[in-house]
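S.K.: Kindly return the folded structure for what I paste below:
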Amino acid sequence: MKTLQHFDSAQQNFRKALTEIIFREQALQQRLMYLREIAPNVYLSAGVLRNLVWSILHEQSDDVVHSEIDVIFFDPHENSPYISHEIERKLIQKFPENTWDVVNQAYVHTWYTLENGQPILPYSSLYDALATWPETATAIAVRLLDNNELEIITPFGLKDLFELKLRWNDRLVSHDVFMQRVRSKRFLQRWSQLQLIDE
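M.R.: Below you'll find the model as predicted:
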């Protein structure tokens, strides 16, 4: 088990630290390998990565095998949800213990609305989509490449994730919605060393 002090010495090398964490977690590596097999341009993202890192930094165990896993990709040419549904079907068949949520970020604007009911603008890329997610530490996506290296997309970098900072991203959701998420997900109760950055 890696300790918080271990990662304190790697302030400028968070990508290497994240890669090490992911490759040490066999269940996560298995899921990345299977995703590469069935849909190589698809990424694991969000809570499964954030929770794993925060749990390790708190010297806690994290149950990847039974967690909810967000899978994202960006395909503006998908004319129907068939691709998303087919990926999700295969993931459920292979790893039924997980709850899978597969979303083509190119079409989020067709169903997601703001608090006032207004639609959002289409995203221009996966990076653009991640840059709207409610917490900076959650805006992470990874996929396993053919050379067995990880591609990591992080619009806000990994500093907040590894420095245990729970920071609101104001691009899409209001502060009230952010705080609702903080309470409903029990971030501060589950990981006591988190710092709520209220700017």
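S.K.: From I153, how far off is T99?
M.R.: 22 Å (Cβ to Cβ, to the nearest Å). Quick note: C-beta positions are derived from backbone N, CA and C, even for glycine.
S.K.: The two - which one has more neighbours?
M.R.: Per other Cβ atoms under 10 Å, whichever of T99 and I153 has more neighbours is I153, with 18 against 12.
S.K.: Beta-bridge partners for that one, please?
M.R.: Beta-bridge partners for I153, by DSSP bridges, are A141.
S.K.: hang on, isn't it packed against Y43?
M.R.: Yes - between I153 and Y43 there is a contact under Cβ atoms under 8 Å: 7.0 Å.
S.K.: can you list residues touching both of those two?
M.R.: Both I153 and Y43 are in contact with 126, 141-142, where contact means Cβ atoms under 8 Å, 6 or more residues apart in numbering.
S.K.: And the buried ones among these, selectable in ChimeraX?
M.R.: Here is the ChimeraX command that selects the buried residues among these (16 or more other Cβ atoms under 10 Å):
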select :126,141,142
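S.K.: tell me which of the shared contacts of I153 and Y43 is nearest to D198?
M.R.: Nearest to D198 among those is A141, at 26.0 Å by Cβ to Cβ.
S.K.: From A106, how far off is that closest one?
M.R.: 14 Å.
S.K.: go on, Q26?
M.R.: Taken as Cβ to Cβ, the span from Q26 to A106 is 32 Å.
S.K.: For stretch 127-135, what does the pLDDT average out to?
M.R.: The average pLDDT within stretch 127-135 is 97.
S.K.: Which positions within the strand or helix carrying M179 qualify as buried?
M.R.: Using DSSP states H and E, M179 sits within helix 175-184. Of all the residues in helix 175-184, those buried under the rule 16+ other Cβ under 10 Å are 178, 181-182.
S.K.: again, but for stretch 154-170
M.R.: Here stretch 154-170 shows 154-156, 158, 160-164, 166-169 as buried, counting by 16+ other Cβ under 10 Å.
S.K.: Report the separation between the two terminal residues of it.
M.R.: 16 Å (Cα to Cα, to the nearest Å).
S.K.: Any figure for the gap between the most centrally placed residue in the chain and N79?
M.R.: The chain has A46 as the residue nearest its centroid, 1.4 Å off, counting by Cα atoms, centre = their mean. Going from A46 to N79 by Cβ to Cβ gives 26 Å.
S.K.: So for Q26 and A106, which sits in the more crowded spot?
M.R.: Just comparing Q26 and A106: by other Cβ under 10 Å the higher neighbour count belongs to A106, 19 against 10.
S.K.: Relative to N51, how far out is that one?
M.R.: 26 Å.
S.K.: E88: what's it in contact with?
M.R.: 71, 100-102.
S.K.: from the chain's centre, how far out does stretch 91-99 sit?
M.R.: 18 Å (Cα atoms, centre = their mean, to the nearest Å).
S.K.: Make sure the residue nearest to the centre of the chain is actually in contact with W133.
M.R.: Yes - taking Cβ under 8 Å as the definition, A46 is a contact partner of W133 at 7.1 Å.
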